[in-house]
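>>> Sharing a model prediction with you, sequence too.
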Amino acid sequence: MTAGLQPFLADRVVALSAPTQAWSADDGDMGAAPIDGIYHGDTRFVRTLRVDYAGASGAFAAPEHVATAIVDAGTVRFDALLRGVDDAFPDPKVRLVRERRVADGVATETLTVHAHLTEPVRLRLRARIGWDLSPLQEVKAGSAGATATDAETTASGLVVHGGGAHLTVTAPGADVSVAAAEATLTWDLEVPAHGTATAEWSARLADAGLVVRAAATPAPWPAPTSATGADPRLQRWLGRALDDLAALRLALPDHPGDEFFAAGAPWFFTLFGRDSLWAARLLLPLDSTMAASTLRVLARLQGTRTDPATAEQPGKIMHELRAGTLEMPGEGIVLPPLYYGTVDATPLWVSLLADTAAAGMPEAEVRALLPALEAALEWITASAGDDGFLDYVDETGHGLSNQGWKDSGDSIQWRDGSLAAGPIALCEVQGYAYEAAIGGADLLDRFGRPGAERLRAWAAGLKQRFAERFWVTTPEGRYPAIALDRDGRAVDTLTTNAGHLLGTGILSPEEEAEVAQLLTGASMSSGFGLRTLSTDAGGYWPLSYHGGSVWTHDTAIVARGMARAGLASPAREVVAGMLAAAEAFDYRVPELHAGDAATDLPRPAPYPAACRPQAWSAAAAVTAWDILRA
């Protein structure tokens, strides 16, 4: 398999209801960009879609696109003009409205012709649909090719089979023909004077290898009220974000009532330990049921044995679930279907349990998770290395080389831009571990379980070790290094990782204020959020995935930590940048965007391959709402 270029997403339109999604150009057609198509689970079913029309001459022409509107996460409307069947006057009087609706395993498109003519108009509408049944990972790698398929027409459309995937297209009233891997649907329509005529087709998608299923219930959270005096942009962002979060909910087939957030579209319609935990945690001010169900889902998959091939260890929370082996061509990464290569998901699970219990999770539900809690706490304390810090290293040679949230291969850099060598002990993971130990100890006390004092003593030792080993002083100031490298040296770059320590308890109030001041300074704050890496670092580049770009969820975690630390003013300053970015992206904030300064650009440049919507980017809107209502 030859690796190509990862598809760009920034100029494409998506309609989604996990695990189904449809990507197109802004005129509704598919095929011009590598990402285009209709997907279900980890398979692309439809690759191309083109709609055109013909009038009395019989020659087909493309509609002239005039508008695109995202109605909700699963519904998009595309408007175009049909001037080839219009009258001779300047005002356009014949309009085509394409409404695309995506639900679990089905995509439907309704094509309605509106005419404001004084006489009926006859025309022919045509939809050409091509399929390829490509694996999603091949699409992402830019190396997708068509899978062998069998296709046959039926009385109402056609059926396509291949590799355990089934595509059924229905088109009432259409003439259907098939050539190669493309179906042509044709409707002859008569539009009454001042009237409408409609055609419709739908695609039903089934994949035998799917390991997740759609949410079976409505979204559980209430619609929040506006914060008094809040920025009017907040309600628009919050509305769009909650709609996207509802569409990103999934469950596992064996426990359909326990939902979690898929990480994001298009690549991550599955369970991710860290992503699903943070999205649920950021949503907590509005809803605790998603957090509770996410905790249960991950507890059922908690590690029980030591297996270097999957990075599983007893008590460890998993990283990623897939239908099969995940291979990333050109990157040398091959991950097993159930992969545990994450250093932070386990302490994040513990802290989410503590937070959710405090938010009102029923006592019986908390009690049922106590064995998983004790196993997770044992993993945290037992996994601290000889120096007493949690670290990671890939033991397989083909897993993730970095196993914190900044998991790209070049994310842990020295100030001169050179890469740090592992094992790596990330600063924020120590903060997560400290918070988990304290929160876990409180839960053990609450339920009369042993071990709380041992945990508090371990946490106190970790806090002292952190203060002695992680702080660095550079021309930018004094702050916690991003990590310790394999030799125990503090990797001296200023990054947002330090901001994740705020509110965990591992820093003193004075230290929290120091960190907050640096992160809101010009080298870290772009005006559209916080840069992952300081502009003063040698490796800074505004379009680097983790080396200078802005991730809204990362910014939200820092703002949340500021608020928890009692630093209300810098927290609101950071939220102001988040709102500026939300407005610039029409309130659907992508996974990440460029770190250019707001003083240089009126809106942030997109990172072209960024996912959107992304669960934790959407959940960041709840953090903004929670801070501004305080």
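Good, I have the coordinates.
>>> what residue ranges in this structure score low on pLDDT?
1-3, 226-229, 329 (pLDDT under 70).
>>> Which parts of it are helices?
Per DSSP state H, the chain carries helices over the ranges 136-140, 232-247, 273-283, 289-300, 345-358, 363-368, 370-383, 427-446, 452-469, 509-519, 552-564, 568-584, 615-629.
>>> Just the buried residues of the fifth one, please?
This points to helix 345-358. Burial within helix 345-358, assessed by neighbour count using 16 or more other CB atoms under 10 Å, is assigned to 345-357. Every C-beta, even on glycine, is put in place using the N, C-alpha and C of the backbone.
>>> which of those residues lies closest to residue 53?
Closest approach between the buried residues of helix 345-358 and residue 53, by CB to CB: residue 345, at 51.6 Å.
>>> wait, isn't the closest one in contact with residue 319?
Yes. Contact status for residue 345 versus residue 319: in contact at 6.2 Å, counting by CB atoms under 8 Å.
>>> Just give me how far stretch 378-387 sits from the chain centre.
Centroid displacement of stretch 378-387 relative to its chain, using CA atoms, centre = their mean, to the nearest Å, is 30 Å.
>>> surely residue 19 meets residue 104?
Yes. At 7.3 Å, residue 19 and residue 104 qualify as touching, with contact defined as CB under 8 Å.
>>> any common contacting residues for the two?
By the contact definition CB atoms under 8 Å, 6 or more residues apart in numbering, residue 19 and residue 104 are jointly contacted by 213-214.
>>> more neighbours, the two?
residue 19 (25 against 16; other CB atoms under 10 Å).
>>> quick one: buried residues of the longest strand anywhere in the chain?
Counting by DSSP state E, the longest strand found in the chain is strand 121-135. Of all the residues in strand 121-135, those buried under the rule 16+ other CB under 10 Å are 121, 123-135.
>>> Which elements pack onto that strand?
Judged by 3 or more CB pairs under 8 Å, 6 or more residues apart in numbering; DSSP states H and E, strand 121-135 is in contact with strand 43-54, strand 106-115, strand 157-162, strand 165-170, strand 182-191, strand 196-207.
>>> The same query, at a cut-off of 7 Å, please.
The contact analysis (3 or more CB pairs under 7 Å, 6 or more residues apart in numbering; DSSP states H and E) places strand 121-135 against strand 43-54, strand 106-115, strand 165-170, strand 182-191.
>>> Now residue 476, what are its backbone angles?
When read as degrees, to the nearest 10, the backbone of residue 476 gives phi -80, psi -20.
>>> So it sits against residue 533, correct?
No. Residue 476 is not in contact with residue 533 according to CB atoms under 7 Å; the separation is 11.6 Å.
>>> The two: which is more packed in?
A count of neighbours by other CB under 10 Å puts residue 533 above the other of residue 476 and residue 533, at 30 against 19.
>>> Got the domain ranges for this structure?
According to automatic domain parsing, the chain comprises the domains 13-207, 213-220+228-303+333-396+413-629.
>>> just those: most buried one?
Of all the domains of the chain, domain 213-220+228-303+333-396+413-629 has the most neighbours on average by mean count of other CB atoms under 10 Å, namely a mean of 21.
>>> Can you give me the end-to-end span of that one?
35 Å (CA to CA, to the nearest Å).
>>> Stretch 470-477 too?
14 Å.
>>> what residues does that stretch touch?
Contacts to stretch 470-477, defined as CB atoms under 7 Å, 6 or more residues apart in numbering, come from residues 415, 427, 478-481, 490, 492, 494, 518, 523, 534, 536.
>>> Ok, which of the helices of the chain comes nearest residue 332?
Of all the helices of the chain, helix 136-140 sits nearest to residue 332, with 14.2 Å by CB to CB.
>>> Report all helices and strands that the closest one contacts.
Secondary-structure packing of helix 136-140 (3+ CB pairs under 7 Å, 6+ apart): strand 43-54.
>>> The strand it packs on packs against which elements?
Packed against strand 43-54 by the contact rule (3+ CB pairs under 7 Å, 6+ apart) you find strand 37-40, strand 60-61, strand 121-135, helix 136-140, strand 165-170, strand 196-207.
>>> Can you list the strands that the third one pairs with?
Right, the one you point to is strand 121-135. Its sheet considered, strand 121-135 pairs with strand 43-54 (antiparallel), strand 182-191 (antiparallel) by DSSP bridges.
>>> The second one too?
Each strand pairing with strand 60-61, determined using DSSP bridges, is listed with its direction: strand 43-54 (antiparallel).
>>> For the partner strand, output the C-alpha coordinates as CSV.
Presented in CSV, the C-alpha positions along strand 43-54 are these (Å, rounded to 0.1, in the frame of the first residue of the first chain):
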residue,chain,number,x,y,z
THR,A,43,-16.0,2.2,5.4
ARG,A,44,-16.7,4.7,2.6
PHE,A,45,-19.7,3.4,0.7
VAL,A,46,-20.5,6.2,-1.8
ARG,A,47,-17.5,7.9,-3.4
THR,A,48,-19.1,10.2,-6.0
LEU,A,49,-22.4,12.0,-6.3
ARG,A,50,-23.3,14.5,-9.1
VAL,A,51,-26.7,16.0,-9.7
ASP,A,52,-27.6,17.7,-12.9
TYR,A,53,-30.6,18.5,-15.1
ALA,A,54,-31.8,18.8,-18.6
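>>> who's in contact with it?
28-31, 37-39, 60-63, 82, 98, 111, 123-136, 139, 165, 167, 203, 205, 207.
>>> so what's residue 391 up against?
Contacts of residue 391 by CB under 7 Å, 6+ apart are 385, 423-425.
>>> roughly how far apart are the closest residue in space to residue 334 that isn't next to it in sequence and residue 330?
Spatial nearest neighbour of residue 334, chain neighbours left out: residue 398 (4.5 Å); criterion: CB to CB, 6 or more residues apart in numbering. For residue 398, the distance to residue 330 equals 13 Å [CB to CB, to the nearest Å].
>>> can you check residue 292 too?
40 Å.
>>> repeat for residue 32
According to CB to CB, residue 32 and residue 330 sit 24 Å apart.
>>> can you check residue 436 too?
From residue 436 to residue 330 the distance is 36 Å (CB to CB).
>>> One more: residue 443?
Distance of residue 443 to residue 330, given as CB to CB: 44 Å.
>>> Closest to residue 311 out of the contacts of stretch 470-477?
Nearest to residue 311 among the contacts of stretch 470-477, counting by CB to CB, is residue 427 at 21.4 Å.
>>> so that closest one touches residue 483, yeah?
Yes. Using CB under 7 Å, residue 427 is in contact with residue 483, at 6.2 Å.
>>> Now residue 40. Nearest residue, chain neighbours left out?
Residue 40's closest residue in space is residue 205 (CB to CB, 6+ apart), at 3.7 Å.
>>> for the one you found, what are its contacts?
Residues near residue 205 by CB under 7 Å, 6+ apart: 20, 40, 45, 105-106, 167.
>>> Any chance of a markdown table for the residues you listed, columns distance to residue 465?
Putting these into a markdown table (distance: CB to CB, whole Å) gives the following:
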| residue | distance to residue 465 |
| --- | --- |
| 20 | 48 |
| 40 | 48 |
| 45 | 53 |
| 105 | 51 |
| 106 | 55 |
| 167 | 57 |
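>>> Show me which of those residues is closest to residue 264.
Closest to residue 264, out of all of the contacts of residue 205 and judged by CB to CB, is residue 20, at 14.4 Å.
>>> What residues are bridge-paired with the closest one?
On the basis of DSSP bridges, residue 20 is bridged to residue 17, residue 40.
>>> Residue 105 is in contact with that one, correct?
Yes. Residue 20 is in contact with residue 105 according to CB under 7 Å; the separation is 5.8 Å.
>>> what's the overlap in contacts for these two?
Common contacts of residue 20 and residue 105, defined by CB under 7 Å, 6+ apart, comprise 40, 205.
>>> Looks like residue 408 contacts residue 549 (just checking).
No. In this structure residue 408 lies outside contact range of residue 549 using CB under 7 Å: 10.5 Å.
>>> quick revisit: which neighbours do residue 345 and residue 319 share?
273-274.
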